[in-house]
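[1] Just need the structure, nothing else, for what follows:
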Amino acid sequence: MSKIKHGCKLLSGKKLPPGADPPVRSAINIEISRASASAIRAIEEAGGTVTTVHYNRLALKALLKPHRFDVIPRRAAPPPKLLPYYTSYEKRGYLSPEVQIRNKLGIDRNKILRVKNNTETGKELG
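    As a prediction, the model looks like this:
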């Protein structure tokens, strides 16, 4: 688990000097339990997607050792303390309506933000 966390820190560009190329050059689609804003930005600038997902002990076991399960169990809901994190679009939480739309329809984030801004201001899409 810590390797994934530290891997995202490396992807975020924190270790790079200012003005250096972003560390992510290929588009990757990643599901991870947590990610920093800079890691999300680096992955999305390369054309990839980030989704933060809650894994309880059983879900993590199913992810790491799927051969031990006849049927892969569904994800458990996050505890109430973590619910705001996983419903936040800024954190790319899997329970966020924008992320759910993106994953279902394959819409890019710029279109989601445009639709969200237009609905907040009352404008119609054209």
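[2] all contacts plus neighbour counts: C-alpha atoms, from now on.
    Noted.
[3] How many residues are close by Y55?
    Here the count is done by other Cα atoms under 10 Å, and Y55 has 17 residues near it.
[4] So which residues of this structure form helices?
    Per DSSP state H, the chain carries helices over the ranges 2-11, 37-45, 57-64, 83-86, 97-105, 109-121.
[5] ok, and the closest non-adjacent residue to P73?
    Excluding its sequence neighbours, the residue lying closest to P73 (Cα to Cα, 6 or more residues apart in numbering) is A59, at 6.7 Å.
[6] One more: N29?
    Once its chain neighbours are removed from consideration, N29 has its nearest residue in T49; the separation is 4.6 Å (Cα to Cα, 6+ apart).
[7] so where's the chain shaky on pLDDT?
    Regions of the chain meeting the criterion pLDDT under 70 cover residues 1-23, 107-126.
[8] Test my guess that the residue nearest to P73 contacts A77.
    No. Counting by Cα atoms under 8 Å, A77 is not a contact partner of A59; they are 10.8 Å apart.
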